[in-house]
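Sequence and predicted structure below; questions after.
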Amino acid sequence: MKKQLLFILVMLLSTGSLHAAPTPAVAYEKGTVVFVGPLDQSMQKQYQMAKGELVSIRMTSGPEAGKVVDTFNFVSSHSAYEIKVNPGDKVIVAVTHDLGKTSYYVSDFDRFDYVYVLGGLFVLALVVFGGFIGAKSVFVIAFSVLLIFKFFIGQVLAHQYSLTLLTLAVAAVIAMATQLVISGLSRKTLAAVLGTIGGVAIAGLLSMLAIKLMHLTGLDSEEAMLLKASTLSNIDFQGVLFAGMVFGALGAVMDVTISIASAVYEVKSVHPAISFKELVQAGMNVGRDIMGTMSNTLILAYAGSALPLMLLIASQQNAPMLKILNLNLIVTEFARALTGSIGLICAIPLTAMIAAMLLNRD
């Protein structure tokens with residue numbers, strides 16, 4: 001039923017009508033709830049619904065900013081998609097103009113202002129506790145986000161390049177920019193960059209094999225199905241899935257490789273006469289300590305995002321597990337977590353050997 005409703009929504013969004021009159025344009029503005037109470041008699045006659053409440057909203061954006069408007073908010077206490085508001089809540093108001101009449105509806109909560117607050121606290125914590133390195137971290141985070149959102153997504157929509165090559169190129173650029181800005185130009189940084197590229201390449205190769213051999217479609221989420229059913233049906237969703245696997249592993253692999261390279265560098269600085277084999281062994285000793293926790297970090301990150309899915313499976317006592325375990329959605333989550341973890345593990349010996357080789361050069 002949920003997928004059917006999603007399909008109907010897609011059709012409405014993509015066509016604007018189902019062989020009917022055009023739907024009125026909708027504008028979305030911000031507002032603050034000032035009153036919530038029972039319907040008066042006129043609104044009961046207007047909406048002919050008993051289960052609802054009168055909501056008064058002070059508009060805070062748009063041409064009607066400052067104006068208090070009244071609207072009906074349906075509440076049945078049975079749907080997870082209803083919006084139960086209280087005085088003081090910030091909301092998004094859908095404003096429609098149809099046949100000379102303006103109507104207002106509570107569309108959703110206004111949440112993104114709090115994202116700015118959390119983002120500000122995140123930047124403040126980085127700068128206060130990280131100092132100059134923290135400030136550089138803010139820069140590389142902004143660079144990575146802009147590169148993905150402005151360049152990578154734009155190229156995906158343009159269909160000009162292979163999504164596999166594009167993903168690997170963007171991952172390499174992010175790895176180089178991050179390590180160079182944070183650690184500077186040195187042999188240690190070069191070892192971390194090469195180890196990252198190697199680990200991510202291994203994760204990417206395994207991701208491609210998993211997608212092909214497991215027949216993964218990339219349509220494992222409602223967002224992907226929404227894109228497929230609407231105007232972006234020609235996108236390579238298997239390629240998008242590959243990109244998600246690679247980018248998901250990239251951050252953890254970078255963390256591991258710079259730790260290994262830094263450890264090998266410190267050992268070399270304390271014992272300049274140490275041999276190549278001993279340097280590699282030192283890097284591996286540090287890597288083994290990191291390996292368990294970082295692999296667990298990846299698994300827990302994916303498990304946390306899939307927690308509702310795991311609860312759904314656990315609640316179905318009589319469901320056929322053979323069918324469930326082979327669902328595209330389930331296998332995709334396993335493949336995503338395991339390919340990234342394998343790439344992370346392989347990056348440890350790669351970085352240890354590359355760092356030892358570079359630091360032992362005269």
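On my side now, so go ahead.

quick one: contacts of stretch 152-164?
Residues outside stretch 152-164 that contact it (C-beta atoms under 8 Å, 6 or more residues apart in numbering): 166-167, 170, 204, 208, 232, 234-236, 239-240, 242-243. Where C-beta positions appear, they are placed from N, C-alpha and C, glycine not excepted.

Give the PyMOL command for selecting the buried subset of these.
A single PyMOL command selects the buried members of those (16 or more other C-beta atoms under 10 Å):
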select buried, resi 166+167+170+204+208+235+239+240+242+243
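
In JSON lines: the contacts of stretch 152-164, plus pLDDT.
Formatted as JSON lines, the contacts of stretch 152-164 follow (pLDDT from 0 to 100):
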{"residue": "166", "pLDDT": "91"}
{"residue": "167", "pLDDT": "91"}
{"residue": "170", "pLDDT": "92"}
{"residue": "204", "pLDDT": "91"}
{"residue": "208", "pLDDT": "91"}
{"residue": "232", "pLDDT": "65"}
{"residue": "234", "pLDDT": "74"}
{"residue": "235", "pLDDT": "77"}
{"residue": "236", "pLDDT": "79"}
{"residue": "239", "pLDDT": "85"}
{"residue": "240", "pLDDT": "85"}
{"residue": "242", "pLDDT": "90"}
{"residue": "243", "pLDDT": "89"}
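
Just the contacts of stretch 152-164: which are in strands?
Among the contacts of stretch 152-164, the subset assigned to strands under DSSP state E is empty.

Closest one of the contacts of stretch 152-164 to residue 264?
residue 204 (25.0 Å; C-beta to C-beta).

Tell me how many other residues crowd the spatially closest residue to that closest one that is not a sequence neighbour.
Using C-beta to C-beta, 6 or more residues apart in numbering and skipping the chain neighbours, the partner closest in space to residue 204 is residue 246 (5.1 Å). The tally of other residues near residue 246 (other C-beta atoms under 10 Å) stands at 24.

To which secondary structure element is residue 246 assigned?
helix 237-270 (DSSP states H and E).

same check, this time on residue 66
Applying DSSP H and E, one finds residue 66 in no helix or strand.

repeat for residue 57
strand 52-59.

Name the residues of the helix or strand following that strand that come out as buried.
Next helix or strand after strand 52-59 toward the C-terminus (DSSP H and E): strand 68-74. Using 16+ other C-beta under 10 Å as the test for burial, strand 68-74 gives 69, 71, 72, 73.

leaving aside the residues next to it on the chain, what's closest to the first one?
In other words, residue 69. residue 104 (4.8 Å).

Report the secondary structure state of that neighbour.
strand (DSSP: H, G, I helix; E, B strand; the rest coil).

just checking, it touches residue 94?
Yes. At 7.2 Å, residue 104 counts as touching residue 94 under the criterion of C-beta atoms under 8 Å.

more crowded one of the two?
Using other C-beta under 10 Å as the criterion, residue 104 and residue 94 rank with residue 104 on top: 20 against 16.

how about the helices of the stretch 1-150 of the chain, start to end?
Taking DSSP state H, counting those that start in this stretch as the test, the helices found in the stretch 1-150 of the chain are 2-15, 41-47, 112-146.

what helix or strand is residue 273 on?
Applying DSSP H and E, one finds residue 273 in no helix or strand.

Could you do the one 4 residues further on as well?
Under the assignment given by DSSP H and E, the secondary-structure element containing residue 277 is helix 276-305.

ok now that helix, how far from the chain's centre?
23 Å (C-alpha atoms, centre = their mean, to the nearest Å).

Mind giving me the packing neighbours of it?
Counting contacts by 3 or more C-beta pairs under 8 Å, 6 or more residues apart in numbering; DSSP states H and E, helix 276-305 packs against helix 237-270, helix 328-359.

any low-confidence regions in this protein?
For the chain, the stretches flagged by pLDDT under 70 are 1-24, 39-51, 76-81, 220-224, 227-233, 362.

got the domain boundaries for it?
When the chain is parsed with automatic domain parsing, its domains come out as 15-110, 161-359.

Let me have those domains in CSV, adding distance to residue 140 as columns.
CSV is the format used below for the domains of the chain (distance: least, C-beta to C-beta, whole Å):
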stretch, distance to residue 140
domain 15-110, 30
domain 161-359, 5
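
nearest to residue 128, of those?
With C-beta to C-beta, the closest approach to residue 128 among the domains of the chain belongs to domain 161-359: 17.4 Å.

First-to-last residue distance for the closest one?
For domain 161-359, the first-to-last residue distance is 37 Å (C-alpha to C-alpha, to the nearest Å).
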